[in-house]
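**Q** Provided below are the primary sequence and the corresponding predicted coordinates.
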Amino acid sequence: MREVINISLPSPMAKTVKTAVKTGDYASTSEFFRHLLRDWQEGKLLNELNKSRMEIATGKGKVLSSLKALR
């Protein structure tokens with residue numbers, strides 16, 4: 001199910017989005033923002049993964065014996 005979200009952008013930002021769509025980088029304005037959101041989600045996940053790796057490397061992380069230990 002899709003949901004409509006309206007946003008307000010300063011003119012230079014709106015122009016950037018419109019140009020990206022017009023030049024064919026994105027099929028639509030919605031696709032531009034979906035791509036941006038996916039990138040943001042991936043970056044957030046990568047940061048969490050790197051933080052966990054650092055905790056393990058410094059001996060602060062917890063090594064689980066099984067997936068059941070996640071509960």
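**A** Noted; the coordinates are in hand.
**Q** need the helix or strand of the chain with the lowest average pLDDT.
**A** helix 29-57 (a mean of 95; mean pLDDT, DSSP states H and E).
**Q** What residues of that one count as buried?
**A** residue 32 (16 or more other Cβ atoms under 10 Å). C-beta: built from backbone N, CA, C; applies to glycine.
**Q** who's in contact with stretch 2-17?
**A** Identification of contacts with stretch 2-17 by Cβ atoms under 8 Å, 6 or more residues apart in numbering yields 29, 32, 33.
**Q** picking that back up, give me the helices and strands touching the least confident helix or strand of the chain, please.
**A** helix 11-22 (3 or more Cβ pairs under 8 Å, 6 or more residues apart in numbering; DSSP states H and E).
**Q** in the helix it packs on, what's buried?
**A** The neighbour-count criterion (16+ other Cβ under 10 Å) identifies 17, 21 as the buried residues of helix 11-22.
**Q** between that helix and helix 29-57, how many degrees?
**A** Interaxial angle of helix 11-22 relative to helix 29-57 (axes from the mean of the first three to the mean of the last three Cα atoms, to 10 degrees): 100 degrees.
**Q** Give me the mean pLDDT for helix 11-22.
**A** The average of the pLDDT scores along helix 11-22 is 98.
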